[in-house]
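Visitor: Sequence plus predicted model, see below.
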Amino acid sequence: MKEVTKLSQENPLSSLDEWEDDLLARYPDPNAIAQEKDVSDFRDYESTEKASVKEFYRLQHINQTFDFVAQKRAEYLRFDKMEMSVWEAFDFLNKLVDDSDPDTDLDQFQHLLQTSEAIREQGHPDWMVLVGLFHDMGKVLCLFGEPQWAVVGDSYPVGCAFSDKIVFSDFFAENPDVKNPLYNTKYGIYEPNCGLDKVTMTWGHDEYVYHLLKDYLPEQGLYMLRYHSFYPQHRENAYAHLMSNHDKELFKSVSQFNPFDLYSKSPVPPDWGKLRPYYEDLIAKYLPAKLRF
Ligand SMILES: [Fe+2]
Ligand SMILES: [Fe+2]
C-alpha cells in the first residue's frame, strides 16, 4: 500500500502520453490550425493546463539537478541491465501500455510506427525512418523503475541557469542547483558556445536512446534522437549561447523531425503485417542482432 502511494506521488501523469498530449496543446499543429475555421478550438496553453501535468513539471524541475543526472548517467550508460533483440525490446516497451484507458490509447509501438511511416511517406532517407521507429525506445527507463519525471518531459541543460522560457519555470526556485554558485549563472560550468556535446542535459528517454544507438546512425539522426524533447531550444531558442555553429546546423534536422513526432498520431493503427518485411530489412541494415540496455 505504501508503495502505491509513493508511486502515484512520484508519477502524477495517468500515462506518459499525457505529457505528449500536453505538448500538442502547447505547440498545436499549424496545419490543423490552418484547416480549422474556428480558431477558438485551439485554446491557449495556459487555460488548458492540467493539475497532473503541472505537478509532473514541478517534480521534474525540482529533482533534475546536476548531481541527479550524473548519478543516472553512471547507472544507465554502462548498459549492463539487459540484452534484447530489437523485437524483444519493442515487446518490452509495450508493457508500458496505459492500463487505465486501453481502448483509446495506442500502444507505444503504434506511436513509433506512425512516426516512422509518416517519415517514410515523405521520402526521407531510411535512417530517418529508423529514427522515427526508435525515438521513444528510451521510455523503457520507466520499466527499469524510473519515475516519469526522469523519463519524459521537456529536456534542458543542467549545470547552468535554467531558462525562464522553460515551461513552468517558476518551479525551479525549489531546485537546489539555483542556490549553487557553480551552476546558477548563465553559463554555469560551461563556456560560451562550447557545443551541446559538452553540455549535460536533464536525464530522460532522449539522452538514453541517443547513447543506445550512437554507434549505428548518421549524426543528423543522432541529434534527432538526443534533442527531440529539447523544446526550450528548438521551439524557444533559449540556449543558443551554449551551441556551436555545428549544433545550429544540425538543429535543422531536429526541427525537421519534430513535427513527425508531434503531429503523426492517428487513431488508425498501421497494418503491421504488411509493413513488417520492410522494417525487418531496415533494422538488419543498421542494427546488430542484440542491443544492450
Ligand atoms: Fe519522445
Ligand atoms: Fe514520440
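Guide: Good, I have the coordinates. Ligands and ions are numbered 1, 2, ... in the order given.
Visitor: tell me, how many neighbours does Tyr263 end up with?
Guide: Using other C-beta atoms under 10 Å, Tyr263 is surrounded by 17 other residues. Just so you know, the C-beta spots here come from the backbone N, C-alpha and C atoms, and that holds for glycine as well.
Visitor: That one and Asp29 touch, don't they?
Guide: Yes - using C-beta atoms under 8 Å, Tyr263 is in contact with Asp29, at 4.4 Å.
Visitor: What residues does the residue in the stretch 1-150 of the chain positioned nearest to ligand 2 make contact with?
Guide: Using C-beta to the ion, the single residue of the stretch 1-150 of the chain nearest to ligand 2 is Asp136, 4.4 Å away. Asp136 makes contact with Leu93, Gln108, His111, Leu112, His205, Val209, according to C-beta atoms under 8 Å, 6 or more residues apart in numbering.
Visitor: run the last query once more with 6 Å
Guide: Leu112 (C-beta atoms under 6 Å, 6 or more residues apart in numbering).
Visitor: Please apply the same query to the one 4 residues further on.
Guide: Counting by C-beta under 6 Å, 6+ apart, Val140 makes contact with Leu93.
Visitor: same deal with Tyr227?
Guide: By C-beta under 6 Å, 6+ apart, Tyr227 lies in contact with Val254.
Visitor: now the most centrally placed residue in the chain, nearest residue through space, not along the chain?
Guide: Against the mean C-alpha coordinate of the chain, by C-alpha atoms, centre = their mean, the closest residue is Ser229 at 4.2 Å. Spatially, and ignoring its direct neighbours in sequence, Ser229 is nearest to Ser155 (4.5 Å; C-beta to C-beta, 6 or more residues apart in numbering).
Visitor: Hmm, Trp203 and that neighbour touching each other?
Guide: No - between Ser155 and Trp203 there is no contact under C-beta atoms under 6 Å: 8.8 Å.
Visitor: Near ligand 2, which residues of the stretch 1-150 of the chain are found?
Guide: Applying C-beta under 5 Å from the ion, one finds that the stretch 1-150 of the chain approaches ligand 2 through Asp136.
Visitor: Where do the strands of the stretch 1-150 of the chain begin and end?
Guide: Along the stretch 1-150 of the chain, counting by DSSP state E, counting those that start in this stretch, strands occupy 83-84.
Visitor: Show the low-confidence segments of it, by residue range.
Guide: Where the stretch 1-150 of the chain drops to pLDDT under 70, the residues are 1-8, 33-48, 97-105.
Visitor: quick one, helices of it?
Guide: For the stretch 1-150 of the chain, applying DSSP state H, counting those that start in this stretch gives helices covering 2-10, 17-26, 30-35, 45-48, 51-63, 66-76, 86-93, 108-121, 126-134, 140-143.
Visitor: Then the stretch 151-293 of the chain?
Guide: With DSSP H, counting those that start in this stretch as the criterion, the stretch 151-293 of the chain has helices at 205-213, 219-226, 231-234, 245-263, 272-286.
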